[in-house]
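1. got a structure for you, letters missing:
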């Protein structure tokens, strides 16, 4: 909006609504359930995502487990990519081919 050339009526621009943190949090929960096979470690990760500061605590714990961090990044990116494509399809911005 600070850009002098920005015109919200210009058809080149499309509003992308914020989806909030609910789905990314659910991704963390599902990742822990599906990918973290060590029960004690899964419990630590599960505890980390409870309450305020969940994303920071999860990220901090990942720093100590690079193998899990790598799997998480792949999992997270695939989930985000799928949600983005679904949204683009729902909005009619891409062809369902």
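-> Great, that's in hand. Everything numeric here is computed off the predicted structure, so don't read it as measured data.

2. got the buried residues for the longest helix anywhere in the chain?
-> In the chain, with assignment by DSSP state H, the single longest helix is helix 66-90. Buried residues in helix 66-90, counting neighbours by 16 or more other C-beta atoms under 10 Å, are found at 68, 71-72, 75, 79. For the C-beta atoms, the positions are set from N, CA and C on the backbone; glycine is no exception.

3. Show the average pLDDT along that helix.
-> Taken as a whole, helix 66-90 has an average pLDDT of 95.

4. How far does it sit from its chain's centre?
-> Relative to the mean C-alpha coordinate of its chain, helix 66-90 is positioned 6 Å out (C-alpha atoms, centre = their mean, to the nearest Å).

5. In the protein, what residue spans correspond to helices?
-> Using DSSP H, helices in the chain cover 22-35, 39-48, 54-63, 66-90.

6. So what's the residue count around residue 48?
-> By other C-beta atoms under 10 Å, the residues close to residue 48 number 20.

7. roughly how far apart are the nearest residue to it once chain neighbours are set aside and residue 4?
-> Spatial nearest neighbour of residue 48, excluding adjacent residues (C-beta to C-beta, 6 or more residues apart in numbering): residue 57 at 4.0 Å. Counting by C-beta to C-beta, to the nearest Å, the gap from residue 57 to residue 4 is 42 Å.

8. Give me the more crowded residue out of the two.
-> The neighbour comparison of residue 57 against residue 4 (other C-beta under 10 Å) goes to residue 57, with 17 against 5.

9. Any stretches of the protein with poor pLDDT?
-> Residue ranges of the chain with pLDDT under 70: 1-3.

10. Let's see that with 80 instead.
-> Residue ranges of the chain with pLDDT under 80: 1-9, 11-15, 97.

11. centroid residue for it?
-> residue 24 (3.9 Å; C-alpha atoms, centre = their mean).
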